[in-house]
Each structure stands twice: as C-alpha cells, then as structure tokens.
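[1] quick one, what's the 3D model for this:
(one chain, ligands or ions: 2)
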Amino acid sequence: MATAKKAIHFPLMENEESKSNGLHPLKDLTKRITEIFGPSGHEQLVRDFIRDEIKGMVDEIRVDALGNLIARKKGTGATPRKKIMLAAHMDEIGVIVTHVDEKGFLRFAPIGGVNPINLNGSRCRFANGVTGVFGREVKNTSNTEVKLDKMFIDVGATNAVDSTIGVGDAAGFWRDFADLGDRIVSKAMDDRIGCVVLIETLKQLKKSIDDVYFVFTVQEEVGLRGATTSAFGVQPDLAIAVDVTGTGDTPEANRMAIALGKGPAIKVKDSGMLAHPAVKNLLADTAKEAKIPYQFEVLVGGTTDAMAMQTTREGVPAGCLSIPTRYIHSPSEMVDFNDVQNAVKLLVATLSKAVRLE
Ligand code: CO
Ligand code: ZN
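    Ligands and ions are numbered 1, 2, ... in the order given. This is a model prediction of the structure:
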C-alpha cells in the first residue's frame, strides 16, 4: 500500500531538490514505488502506480490474465520490426497467514525467499493497512537459530474475533525509504528499483528503431510466473531483465566480484541461466562506447525473469542488467544511486540504435 507518511530528510544539493520533499526526482520515484504494498499475487497497487506514471508515453498498454503490465513503444524502423522485451518484476517477497490462534497471534508461510534471520522484531503490513510485528517462541528458539514455523505475527489483537486479519491474508515487510546520499535503502528494492529503471528508460528514450515492450511482471519471487506467460505472449526477438544481484563488498561477505557504485552489472551466469553471449556483449560494448561503468556478474544462488524469457517458445536470446544490492530479501535493501542512473543510461544507449546481435 502507498502511505502518505511525513519523512524528515537531510538537505540535499540545491539543484537536486524537488519541490515536494527535497528528494531528487528519481529518488522520490523510488521512495514512492518501494513503499507500495505488493507481495507476489498482490501487485495491483504497484501496477496502478506504474500505469499512471507511463500512460501517455507509450503506444499500447495492456494487462494480461496473470496481471503483467505490458506497454509497447513503437519503433521507427520499417515493418516487420524486431521486438525487444524489457522485464522488471512488480512483486516483493512477503508472508501469508496460515492460522490465527485464540489470542489473535498469526502463524504464517513465506511468499518467496524469506529468511527468518531478517524477521525477529521487524514489521510487516497487510493490504488493509494493519501493521504486524514478527515475534518468536522464546522457549523453542535461540538468538542464533530460529525457523519460520517457530515465529508468529502480532497485530495487536487480543483474540481471533477481534483481528481484522485472517487465513489467506498476505503482508509485505514494512520499512520506509531512507536517503543516505549516494546510497539509498528501502524494502522491496527487489525489484521496484528495476521498475524505476524501466520507467525512467521509457521517459528518456526519445526514439527507437525496434518496438520496445516494457513489461512489469508479477509473481517473479514464487517462480518467474509472470515472465513465463508475458514472454510467451509478446514473442520477443531479444529479451533483457532488469533485477537486483548480490555483492561481495561487505565485511566477511561471500566472495563475489560485485560492489556497490561500480556500475550496473551485466549478467554472465546465475543459477538459472547462461546469458546469451551476444546479448552480454551488446550491453558491454554499448557501455564501453558510451563510457558507462559496468561490472560482469556471476551469481551463484538465484535467478531472474531472464531465465523464463530465454526458454519461452523456441528460445529467445536473453540477458540481464542487474542493480548491485546489499541485504537482498531483508526489509532494508541498499543500492547505489549512481548504479541506478547508469543502468538507465546504458539501456537508453542500447535501445536508441537498431539492436542487432552479432
Ligand atoms: Co527477489
Ligand atoms: Zn528480484
């Protein structure tokens, strides 16, 4: 859900100030879109928000049966034009209520990859605006070892009848956006920051030779389901997902050659796909030409919508542009604002010319 919350911000450089809240316009967009409620299967508010942002800038906009938002920007080339599909997912991980006990405590199952280490003492928010606090069975857990089935959500109810939340209700993590300067933090950066990159690319892309489909997908976190159906429907000639990836730049992190602020990451491999080498090279060559910093990404655990797009129908050349992100799947996902802006630059540069694979 979108909240109208008053926030205090440190003063920014004068030319960065927007009238509303002192945030850079792209940071402001990131704040507004990440604070929306949208666990997998509940993307409607995010979809409404994006549709409002982009309507009037595309030639066709539709929603498919699963809820994917598909916006087409017509190219200027002769027909038949190639179809380029960009995908970013609207959903975020969350929890869903499985049981309410007589005192009103909720038991829950995860929606997507929820790690209990991120939950204790943190908050979630339901579609109706109710806030919940995650607690644990103290006798059956320790500070170092806790499983989801030994946790519960406290929504302040004293009995099951009182509670406005019942079985089947979903919640997303709740944390508000924070501006740390170059670094910005929020819940659901995965993958609303990808949605921000697509929206801004659409705004900045003056013209393209090929038809470009900006697809905002559903249910990525539970198995790339929205990308599976939307890619089948669009039938792209080339596909690029924009999503987050991990980093190796925090104390004693797993070894990974990705750091915040060193540019968007061009995917080579993750656990679900090998990027098409020509798509990888197209992005890297364009970055070099346009003097945009970039990093190559090999992600050991996890995958993106690019995997589903690559294996649709008879196969599609596919790749992924990743935003390096710390603390993925926690309520405080951190990205570098320069990486976000450079991802937009790279996509605009790539799409402004005829996209041909060599
Ligand atoms: Co994710
Ligand atoms: Zn994601």
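[2] for the most centrally placed residue in the chain, which non-adjacent residue is spatially closest?
    Centroid-nearest residue in the chain, with C-alpha atoms, centre = their mean: residue 191, separated by 0.4 Å. Among residues not flanking residue 191 along the chain, residue 89 sits closest, at 4.6 Å (C-beta to C-beta, 6 or more residues apart in numbering). Placement of C-beta: from N, CA and C, glycine included.
[3] got the residues of the protein near ligand 2?
    Within the chain, the positions adjacent to ligand 2 are 190-191, 243 by C-beta under 5 Å from the ion.
[4] out of those, which are inside strands?
    Cross-referencing the residues of the chain next to ligand 2 against strands under DSSP state E gives residue 243.
[5] make CSV out of the residues of the chain next to ligand 2 and add pLDDT.
    Output for the residues of the chain next to ligand 2, formatted as CSV (pLDDT from 0 to 100):
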residue, pLDDT
190, 98
191, 98
243, 98
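[6] just say helix, strand or coil for the nearest residue to residue 57 once chain neighbours are set aside.
    Spatial nearest neighbour of residue 57, excluding adjacent residues (C-beta to C-beta, 6+ apart): residue 202 at 5.8 Å. Secondary structure for residue 202, judged by DSSP: H, G, I helix; E, B strand; the rest coil, is helix.
[7] so residue 202 makes contact with residue 56?
    No. At 10.9 Å, residue 202 does not count as touching residue 56 under the criterion of C-beta atoms under 8 Å.
[8] hang on, the earlier thing: quick check: the gap between the residue nearest to residue 57 and residue 267.
    Here the criterion is C-beta to C-beta, to the nearest Å. By it, residue 202 lies 21 Å from residue 267.
[9] these two: who's more crowded?
    Remark: of residue 202 and residue 267, residue 267 carries more neighbours, 27 against 22, as counted by other C-beta atoms under 10 Å.
[10] that one bridge partners, please.
    residue 297 (DSSP bridges).
[11] isn't it right next to residue 246, touching?
    No. Look at residue 267 against residue 246 with C-beta under 8 Å: they stay out of range, at 12.0 Å.
[12] hey, what's in contact with both of these two?
    Common contacts of residue 267 and residue 246 (C-beta atoms under 8 Å, 6 or more residues apart in numbering): residue 299.
[13] residue contacts, the residue in the stretch 1-150 of the chain positioned nearest to ligand 2?
    Minimum separation of the stretch 1-150 of the chain from ligand 2 (C-beta to the ion) falls at residue 89, amounting to 5.6 Å. Shown in contact with residue 89 (C-beta under 8 Å, 6+ apart): 191, 194-195, 216-221, 226-227, 243, 305.
[14] now do residue 313
    Contacts of residue 313 by C-beta under 8 Å, 6+ apart are 231-232, 235.
[15] between those, which is closest to ligand 2?
    residue 231 (16.0 Å).
[16] returning to what we had before: in TSV: the contacts of residue 89, plus secondary structure.
    TSV is the format used below for these (three-state DSSP):
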residue	secondary structure
191	helix
194	helix
195	helix
216	strand
217	strand
218	coil
219	coil
220	coil
221	coil
226	helix
227	helix
243	strand
305	helix
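[17] buried members of the residues you listed into PyMOL, please.
    In PyMOL, a selection of the buried entries from the contacts of residue 89 looks like this (16 or more other C-beta atoms under 10 Å):
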select buried, resi 191+194+195+216+217+218+219+220+221+226+227+243+305
